[in-house]
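**Q** Quick one: sequence plus predicted model below, questions after.
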Amino acid sequence: MVFLVVLIVLNICSLPVLADNTVTVKPGQSIMKIMRQVYPDQRSRWPALMRELVQKNPAAFENGDPRSLKGGAVLVLPEQSVSKVIQEKRIRAASVKDISGSVSLFNNMKAVQVIRQGSQIHVGDQLSASGTGTVTLSFIDGAVIKLRCNSVLTIDQYKMRTRGSVSELSISKGSLHIETGRIGKRDGDTLILKTPLASIRAKQAEYGVRVHQARACAEQADVETDGLYVTALSGKVIAENTGGKLSLSSGDAALVAQKDVAPVVTQTYAGMIFGAKLADEAVKQKPLVLTKDDSTTQEDDGVPVWWMVAAAVILGITF
């Protein structure tokens, strides 16, 4: 019975104690086992970590030999220990609802992971879709994001709270379609999508974004400039940067050409947001208005000319 109690205590003590950044060595435990236990995802760093471990704990090794680790020794782990990141509870944000083509996931340790339908997405994860890749994410709060080809999306923050929930994402390039969930419905919530040119805030909305993607997926039409396009399909969407901000409602579209130039109203192009159906719906809700140049041209080529001809005929008959 006493032996069993001692064995349990030794096993407990062999686990990393993150509070003071130390680990107690179990009798017979090697430094390699410590590496596997404390740094399971850092194999490439094991040699450097072992050297640093020996330097910081000379009394735990005979003659500085890494192979002579003493049982019962309390090892002080290197400062800025990777184990803190590895063993920190990862915050789940979403799961993969659907995926096709090639989509890579890089976790917060920059390790590449293979994802499939049902895979869990956590805070700190970055998804990169290839030229043929697409992925649909279902978030805990009910939001749905469809990421398209040649796109990179990062989950910066995601917290579901009774008050003050946070969803902070960033897309460095590419296109996506968002249907917001519970986050953003209540006052005090933070719901933001960051891009290199502007930040997008929304509340109970559905919208599409396309940034730094002058040439889109194969089935999409191209846009006129390599900037940021935002199209609101429902709800209220605000595009804002250091130059100013623009509020969009259903059917509105905005273009941001530079990060220090305010967003401006633009027309909805067929390939602005992936999939022609969504763009078509936006156009149907709000027909395009002729530009100033278009209206001037029509007036010059139409009504004024006929009036001049009619006047000339009348004058000819009179005289």
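**A** Good, I have the coordinates.
**Q** where does this structure have low pLDDT?
**A** For the chain, applying pLDDT under 70 flags the ranges 1-20, 79-89, 108-111, 215-216, 218-225, 268-319.
**Q** Domain ranges for it, per the record?
**A** The record's domain parsing of the chain by automatic domain parsing lists 2-86, 91-285.
**Q** Dump those into JSON lines; add mean neighbour count as well.
**A** Backbone N, C-alpha and C define where each C-beta goes, glycine included. Below are the domains of the chain laid out as JSON lines (neighbours: other CB atoms under 10 Å):
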{"stretch": "domain 2-86", "mean neighbour count": "14"}
{"stretch": "domain 91-285", "mean neighbour count": "18"}
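**Q** For the closest residue to residue 167 other than its chain neighbours, give me its contacts.
**A** The shortest distance from residue 167 to any non-neighbouring residue, by CB to CB, 6 or more residues apart in numbering, is to residue 183 (4.5 Å). The contact partners of residue 183, taken as CB atoms under 8 Å, 6 or more residues apart in numbering, are 141, 143, 160, 165-167, 189-191.
**Q** Please apply the same query to residue 146.
**A** Taking CB under 8 Å, 6+ apart as the criterion, residue 146 is in contact with 134-137, 176-177, 274.
**Q** For stretch 95-104, list the C-alpha coordinates in CSV.
**A** C-alpha atoms of stretch 95-104 as CSV (Å, rounded to 0.1, in the frame of the first residue of the first chain):
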residue,chain,number,x,y,z
SER,A,95,-15.2,23.4,-36.8
VAL,A,96,-14.8,22.5,-40.5
LYS,A,97,-18.3,22.1,-42.0
ASP,A,98,-17.2,21.4,-45.6
ILE,A,99,-13.9,21.4,-47.5
SER,A,100,-12.6,20.8,-51.0
GLY,A,101,-9.3,21.1,-52.7
SER,A,102,-6.1,21.9,-50.8
VAL,A,103,-6.5,23.9,-47.6
SER,A,104,-3.6,24.0,-45.0
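**Q** Then residue 32 would be within a helix, right?
**A** Yes. Assessed with DSSP: H, G, I helix; E, B strand; the rest coil, residue 32 lies in a helix.
**Q** Please list the outside residues in contact with the helix or strand containing residue 50.
**A** Assigned by DSSP states H and E, residue 50 falls within helix 46-56. Helix 46-56 is contacted by residues 31-32, 34-35, 39, 42, 61, 64, 66, 75-78, 82 when judged by CB under 8 Å, 6+ apart.
**Q** Need the residues that contact the helix or strand following that helix.
**A** Per DSSP H and E, helix 46-56 leads on to strand 74-76 as the next helix or strand towards the C-terminus. With contact meaning CB under 8 Å, 6+ apart, strand 74-76 is reached by 21-25, 34, 53, 56-57, 60.
**Q** would you turn the residues you listed into a markdown table with distance to residue 171?
**A** Formatted as a markdown table, the contacts of strand 74-76 follow (distance: CB to CB, whole Å):
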| residue | distance to residue 171 |
| --- | --- |
| 21 | 36 |
| 22 | 41 |
| 23 | 40 |
| 24 | 45 |
| 25 | 46 |
| 34 | 40 |
| 53 | 40 |
| 56 | 42 |
| 57 | 45 |
| 60 | 48 |
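**Q** contacting residues for residue 197?
**A** Residues in contact with residue 197 (CB under 8 Å, 6+ apart) are 211, 227-228, 241, 256-259.
**Q** taking those residues one by one, which sit in strands?
**A** Among those, the ones falling in strands (DSSP state E) are 211, 228, 241, 256.
**Q** hang on, isn't the first one packed against residue 174?
**A** Read that as residue 211. Yes. Residue 211 lies in contact with residue 174 (CB atoms under 8 Å); the separation is 6.9 Å.
**Q** Not counting sequence-adjacent ones, nearest residue to residue 250?
**A** In this structure, residue 250 finds its nearest non-sequential neighbour in residue 234, 5.1 Å apart by CB to CB, 6+ apart.
**Q** Give the pairing partners of the helix or strand hosting the one you found; include direction for each.
**A** According to DSSP H and E, residue 234 maps onto strand 228-241. Strand pairing for strand 228-241, determined by DSSP bridges: strand 199-211 (antiparallel), strand 244-248 (antiparallel), strand 253-256 (antiparallel).
**Q** for these, which one sits closest to residue 123?
**A** strand 199-211 (18.5 Å; CB to CB).
**Q** quick revisit: could the contacts of helix 46-56 be laid out in TSV, adding distance to residue 119?
**A** Below are the contacts of helix 46-56 laid out as TSV (distance: CB to CB, whole Å):
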residue	distance to residue 119
31	34
32	31
34	30
35	27
39	24
42	22
61	41
64	44
66	37
75	35
76	37
77	31
78	32
82	23
